[in-house]
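**Q** give me a model of this one.
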Amino acid sequence: LKESTVRAFKKAFREELSAQTRQGNVQLVTSLETQKLGRPPFLLELDSKLIAFLKNFKSRGGVVNGSVVSAAAKALISSNPSMRTTTKPPVPRGVYDECKLTYLSDIDNCIKQHNIPPELILNADQTPSSYVSVGRMTITATNSQSVPIKGLTDKRNVTLTFVISLSGEFLPLQIIYQGKTKASLPRNFSFPKSFCVSQNPKHYSNEAETIGLIDSVINPYVVKKRKELGLPRSQKALLIWDVFRGQKTQKVCSKLSSLNIEVISVPANMTHFFQPLDLTVNGQAKKFCKNKFATWYSAEVQKQVDSGINFEDVDVDLKLSVLKPIHATWLVELYNFFTSTEGKVYVLKGWEKAGIEDVLNGKEVLSPVDLYQDIYAND
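**A** Numbers count the residues shown, from 1 in each chain. So this is what the prediction gives:
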């Protein structure tokens, strides 16, 4: 149980005890009355219909898998108007079009004005990485009872900063751990020297961490590329990133200006449309770490079962002292993946989805594809 849940139980118990005392009832309070909150959820109704459909589908010889279940659930929701979502677009279409035009035009003008090559066009973004990356997944052994994963609500994580170039390169990682000293870093583990590894009490990116990212990752890369391309030190580079307070301070802006790095910010509240990293790499990174955790966890479970421990007694150690070095290994493997030919595909796809690659190739700035089509269809 979470502490907030126990606290609510305690408050309700005291209120019930006081009410019983005022009524002269000296018996102990052994239960609390269930309170009805809001209207009944549609989940039970949807679940029963879905189960009935799947049973009928299987009885007719159909194969039930994740794709079938997902498609059936979507069909049930679409066929019942009362279950449909009423979610509206996060921004009006006119505002979206205006922001996209301004954003892509600014990028296009900056690149043409300073004749910036693809190798010097960068995108940076922060994303969390959980130690216990499981989502709502469960693990089962073949022909045996299920083994629940401990820590499904585990929120412990680190902050990663990814940096990519328009030419498809994936730069060394910035990893921010939670802690006040280097004792909070993984023990007996050495990251590649090119990585920027640090710690702060909240493991968030701030001005100091941003300066560290520039000094340790961005500037060394820009200097190296200028030299490789035979360009002068005055050659401009372009950095595209979020409107984030820690990245917009005077110190950070002055630092970037002194290094001849221009900055264009992704429109606020629209990173899911225009942030290249947010469109492909971030999601793939989470999927990568989930797969790594699932493989490691299942191996730990199998190891205990093979040693004679009952399923009910399986207990995988999820202390940070155990997880940090293992998780650090996955991060290095993640970096190796995105620097490979296979990973480069995701890097380049992000630029394409954000529309930046198209505008540089002279294609139409405003795509005829309506990104809100699915949302409007449910109204």
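**Q** pull out the buried residues from stretch 270-286.
**A** Across stretch 270-286, burial judged by 16 or more other C-beta atoms under 10 Å covers 270-271, 273-282, 284-286. Heads up, the C-betas are built off the backbone N, CA and C, glycines and all.
**Q** an error on my part: the question was meant for stretch 121-133.
**A** Within stretch 121-133, the residues that count as buried by 16+ other C-beta under 10 Å are I121, L122, N123, A124, D125, Q126, T127, S129, S130, Y131, V132, S133.
**Q** start to end distance for stretch 256-268?
**A** Distance across stretch 256-268, first residue to last, is 21 Å (C-alpha to C-alpha, to the nearest Å).
**Q** out of the buried residues of stretch 121-133, which are inside strands?
**A** Cross-referencing the buried residues of stretch 121-133 against strands under DSSP state E gives I121, L122, N123, A124, D125, Q126, T127, S129, S130.
**Q** the first one contacts L238, correct?
**A** Yes. With contact defined as C-beta atoms under 8 Å, I121 and L238 form a contacting pair (4.8 Å).
**Q** anything in contact with each of these two?
**A** Common neighbours of I121 and L238 (criterion: C-beta atoms under 8 Å, 6 or more residues apart in numbering): I111.
**Q** find the nearest non-adjacent residue to K286, please.
**A** Excluding the flanking residues, the one nearest K286 by C-beta to C-beta, 6 or more residues apart in numbering is S133, at 6.9 Å.
**Q** just to check, the one you found is in contact with F293?
**A** Yes. At 4.4 Å, S133 and F293 qualify as touching, with contact defined as C-beta under 8 Å.
**Q** and which of the buried residues of stretch 270-286 is nearest E33?
**A** Nearest to E33 among these: K286, at 41.2 Å, using C-beta to C-beta.
**Q** mind listing what that closest one touches?
**A** Shown in contact with K286 (C-beta under 8 Å, 6+ apart): T127, S129, S133.
**Q** rewinding a little: could you dump the ones in strands among the buried residues of stretch 121-133 to TSV with distance to L185 and pLDDT?
**A** Shown next, in TSV, are those (distance: C-beta to C-beta, whole Å; pLDDT from 0 to 100):
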residue	distance to L185	pLDDT
I121	32	98
L122	26	98
N123	27	98
A124	22	97
D125	23	96
Q126	18	95
T127	19	95
S129	15	95
S130	17	93
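**Q** tell me which stretches of the stretch 51-200 of the chain form helices.
**A** Assigned helices in the stretch 51-200 of the chain, in chain order: 66-79, 93-114 (criterion: DSSP state H, counting those that start in this stretch).
**Q** from memory G246 sits against E209, does it?
**A** Yes. Between G246 and E209 there is a contact under C-beta under 8 Å: 7.0 Å.
**Q** need the three-state assignment for S321.
**A** Using DSSP: H, G, I helix; E, B strand; the rest coil, the structure places S321 in helix.
**Q** so it versus P128, what's the distance?
**A** Applying C-beta to C-beta, to the nearest Å, one obtains 20 Å for the distance of S321 from P128.
**Q** next, the buried residues of the helix or strand where S298 lies.
**A** Assigned by DSSP states H and E, S298 falls within helix 281-306. When burial is assessed from 16+ other C-beta under 10 Å, helix 281-306 yields the following buried residues: 281-282, 284-286, 288-290, 292-294, 296-298, 300-301, 304-305.
**Q** mean confidence score for it?
**A** Averaged across helix 281-306, the pLDDT comes to 92.
**Q** could you give the angle of it to strand 121-130?
**A** 30 degrees (axes from the mean of the first three to the mean of the last three C-alpha atoms, to 10 degrees).
**Q** before I go, just wanted to say thanks for your time.
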